[in-house]
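> the amino acid sequence is not available; the structure is as follows:
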């Protein structure tokens, strides 16, 4: 296959070149990103989904790094780490490293225009200390399956990806069904817009804790998030994006949302 | 009274043990909790544990407390506390406690956690209040035994059991007890610092203070904001939750003392 044909295949058969959010990386492709995110709320949804005041302004800031590498044309490995700080009006503040997520993705099916892949994630807490609102401090794992499909509309490259997964924690946190549906649009190979729905659906088999936080990391919770993100490529391999994440529905979780910004490289 | 010399540690530990046992044994039930009163939302063992420390029905402010806390769920949040008439309501940074007063409760300080707070460090509020009351009693026992009542004071403290109703929603971390204590009429922060630097502090007083702190292991009280001067010139022990903690960090107090006494203080706690 000529170089031009290879380029076309790569460009049209895989998700965005622009951001590091490709589900599966090409062999030898590396990406690294750094994100900053904020969150603020003074309300929460209770077990029945009713919105109530927390009487406790909750503000969170998080810093995330994420790196991925395409081992082969079918296998991609990645690692994510984070450091968060939360400040609560009546509970003081807490800060610390969040779980390390090691993930591996494997392509099961790949036909130009669509892919099916499986993912396995290992959840490794930095410590086993439960910090309400910050982290569970529990080991866990997640398995999931992706379906990716792309289309072309005039000069727009459009695609979507759908994920269905199951997350399990050792100890008190509830198991969760994790799913997302994301739509992406790439224009002129420099500007990309993503939007999506992200679901964390606890099956409510977790155990109550005396120090639970009403806003985040409640042992039994459900959350549906809507997210929109715009990314811009500058230079050859670097990009920056900004987005907003809004909690749309939930049980035992905070309302409202926050902004996030990401910068990274992919080559 | 001069500080005793060797064997120093054994001496203080024996006194601490005696005071500790006295506090436990002397604490007499002031209320037979549960008789004629329904507290179904509070475990029986908790009611039994707090009974010796409860504010009695004949206490001067019991009726007024009942009135205030039956009008509304005052301790739900900072806002509801203010709406109920409590003054200067703010959550303290290190202890997460709200320390406040109410115009209908003159002469008394209220300390409470809010229903909107989770249990601080996983400990129920009544456990903290019991520790504070026992700490206060232990300090008072030494003050009485040594007849140092002209120089030191500690507030009387009681637990007030909040009425069953009004109740907060189940989502919140319901608190059932608040701490009521005498107002020690302490000086402002600025005035307190001045007094600690003044000739109101002398070698005898430092000797006495050292004995109290070392006997009971009052590490948190080795700072002037926890042992402030009252307007009557007495030193008040207002933070009595943590005791039985050694070694006491005496060096925290040094720089707040008059310069001419700082060397004396260092020699005193270093045992030289």
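Yep, it's here. Predicted, not measured: the structure shown is a model, and the values here were computed from it.

> ok, and the closest non-adjacent residue to residue 107?
Defaulting to chain A. Of all residues not flanking residue A:107 in the chain, residue A:74 sits nearest, at 4.1 Å (Cβ to Cβ, 6 or more residues apart in numbering or on different chains). Quick note: C-beta positions are derived from backbone N, CA and C, even for glycine.

> nope, chain B please
Per Cβ to Cβ, 6+ apart, closest to residue B:107 is residue B:183, 5.2 Å.

> what about the strands in the chain?
As the question left the chain open, I've gone with chain A. Residue ranges of the strands in chain A, as given by DSSP state E, are A:30-45, A:51-70, A:75-88, A:92-97, A:100-111, A:114-124, A:140-153, A:156-169, A:176-187, A:191-202, A:222-234, A:238-251, A:253-254, A:257-266.

> um, chain B though
B:98-100, B:108-112, B:152-153, B:157-161, B:177-182, B:235-236.

> to chain A, which of the ones you listed lies closest?
Chain A lies closest to strand B:98-100 among those, at 8.7 Å (Cβ to the nearest Cβ).

> from the centroid of chain A, which residue is nearest?
Centroid-nearest residue in chain A, with Cα atoms, centre = their mean: residue A:198, separated by 8.2 Å.

> give the contact list for that residue.
Counting by Cβ atoms under 8 Å, 6 or more residues apart in numbering or on different chains, residue A:198 makes contact with A:179-180, A:224-227.

> buried ones among those?
Buried members of those, scored by 16 or more other Cβ atoms under 10 Å in any protein chain shown, are A:179-180, A:224-225, A:227.

> closest to residue A:29 out of these?
Proximity of the buried ones among the contacts of residue A:198 to residue A:29 (Cβ to Cβ) peaks at residue A:180, which lies at 22.1 Å.

> who are the contact partners of that closest one?
Residue A:180 touches A:161-163, A:196-199, counting by Cβ under 8 Å, 6+ apart.

> now do residue 133, the pLDDT please.
Chain wasn't specified; assuming chain A. At residue A:133, the model reports a pLDDT of 92.

> wrong one, I was asking about chain B
pLDDT, read off for residue B:133, is 96.

> now stretch A:144-164, how far from the centre of its chain.
Centroid displacement of stretch A:144-164 relative to its chain, using Cα atoms, centre = their mean, to the nearest Å, is 17 Å.

> tell me the buried residues in it?
Burial within stretch A:144-164, assessed by neighbour count using 16+ other Cβ under 10 Å, is assigned to A:144, A:146-148, A:150, A:157, A:159-161, A:163.

> what about it, start to end distance?
5 Å (Cα to Cα, to the nearest Å).

> neighbouring contacts of it?
Counting by Cβ under 8 Å, 6+ apart, A:12-13, A:15-16, A:23-24, A:105, A:113-121, A:165-166, A:177-188 sit against stretch A:144-164.

> quick one: low-confidence residue ranges for chain A.
Counting by pLDDT under 70, chain A contains low-confidence ranges at A:1-22.

> surely residue B:257 touches residue B:197?
Yes: counting by Cβ atoms under 8 Å, residue B:257 touches residue B:197, with 7.3 Å between them.

> follow-up on the earlier one: of the contacts of residue A:198, closest to chain B?
Of all the contacts of residue A:198, residue A:224 has the smallest distance to chain B: 19.7 Å, by Cβ to the nearest Cβ.

> picking that back up, closest one to chain B out of the contacts of residue A:180, please.
Closest to chain B, out of all of those and judged by Cβ to the nearest Cβ, is residue A:199, at 22.6 Å.

> got the contact list for that closest one?
A:177-180, A:223-225.

> report the beta-bridge partners for it.
residue A:179, residue A:224 (DSSP bridges).

> which bits of chain B sit near chain A?
B:76-80, B:91, B:93, B:96, B:114, B:116-119, B:122, B:169, B:171 (Cβ under 8 Å from any Cβ of the partner chain).

> of those, buried ones?
B:76-78, B:80, B:91, B:96, B:114, B:116-119, B:171.

> those into TSV, with extra columns for pLDDT?
Formatted as TSV, those follow (pLDDT from 0 to 100):
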residue	pLDDT
B:76	98
B:77	97
B:78	97
B:80	98
B:91	95
B:96	95
B:114	97
B:116	96
B:117	96
B:118	92
B:119	92
B:171	94
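
> nearest to residue A:266, of the strands of chain B?
The nearest among these, by Cβ to Cβ, is strand B:98-100 at 51.0 Å.

> how distant is the closest one from the center of its chain?
Relative to its chain's centre, strand B:98-100 lies at 12 Å (Cα atoms, centre = their mean).

> next one: stretch B:138-147
15 Å.

> which residues sit against that stretch?
By Cβ under 8 Å, 6+ apart, stretch B:138-147 touches B:1, B:15, B:19-20, B:22-23, B:148-149, B:152-154, B:208, B:211-212, B:215-216, B:218, B:237, B:240, B:243.

> try 10 Å this time
B:1, B:15-16, B:18-20, B:22-24, B:26, B:148-156, B:208, B:211-213, B:215-218, B:221, B:234, B:237, B:240, B:243-244 (Cβ atoms under 10 Å, 6 or more residues apart in numbering or on different chains).

> give the rounded mean pLDDT of it.
In the prediction, stretch B:138-147 has an average pLDDT of 95.

> from chain A, how far off is residue B:127?
To chain A, residue B:127 is 12 Å away according to Cβ to the nearest Cβ, to the nearest Å.

> list the residues that contact that residue.
Contact analysis of residue B:127 by Cβ under 10 Å, 6+ apart lists B:46, B:49-50, B:119, B:177, B:241.

> give me phi/psi at residue B:154?
Note on residue B:154: backbone dihedrals following degrees, to the nearest 10 are phi -140, psi 140.

> and the residue of the stretch 1-150 of chain A closest to chain B?
Closest point on the stretch 1-150 of chain A to chain B, by Cβ to the nearest Cβ, is residue A:55, at 3.4 Å.

> what about that residue, how many neighbours?
Residues near residue A:55, counting by other Cβ atoms under 10 Å in any protein chain shown, number 21.

> what pairs with the residue nearest to residue A:229 when sequence neighbours are not counted across the strands?
Nearest residue to residue A:229, sequence neighbours excluded (Cβ to Cβ, 6+ apart): residue A:243, at 3.2 Å. For residue A:243, the residues forming beta bridges with it (DSSP bridges) are residue A:229, residue A:260.

> and the gap between residue A:243 and chain B?
Distance from residue A:243 to chain B, by Cβ to the nearest Cβ: 30 Å.

> and that residue, what is it in contact with?
Residues in contact with residue A:243 (Cβ under 10 Å, 6+ apart) are A:35, A:37, A:193-195, A:227-231, A:258-262.

> between the contacts of residue A:199, which is nearest residue B:252?
residue A:223 (45.1 Å).

> got the contact list for that closest one?
Contacts for residue A:223 (Cβ under 10 Å, 6+ apart) come out as A:45, A:176, A:198-202, A:216, A:247-255.

> next: residue B:136.
By Cβ under 10 Å, 6+ apart, the neighbours of residue B:136 are B:23, B:154-157, B:181-182, B:237-241, B:243.

> thank you, goodbye.
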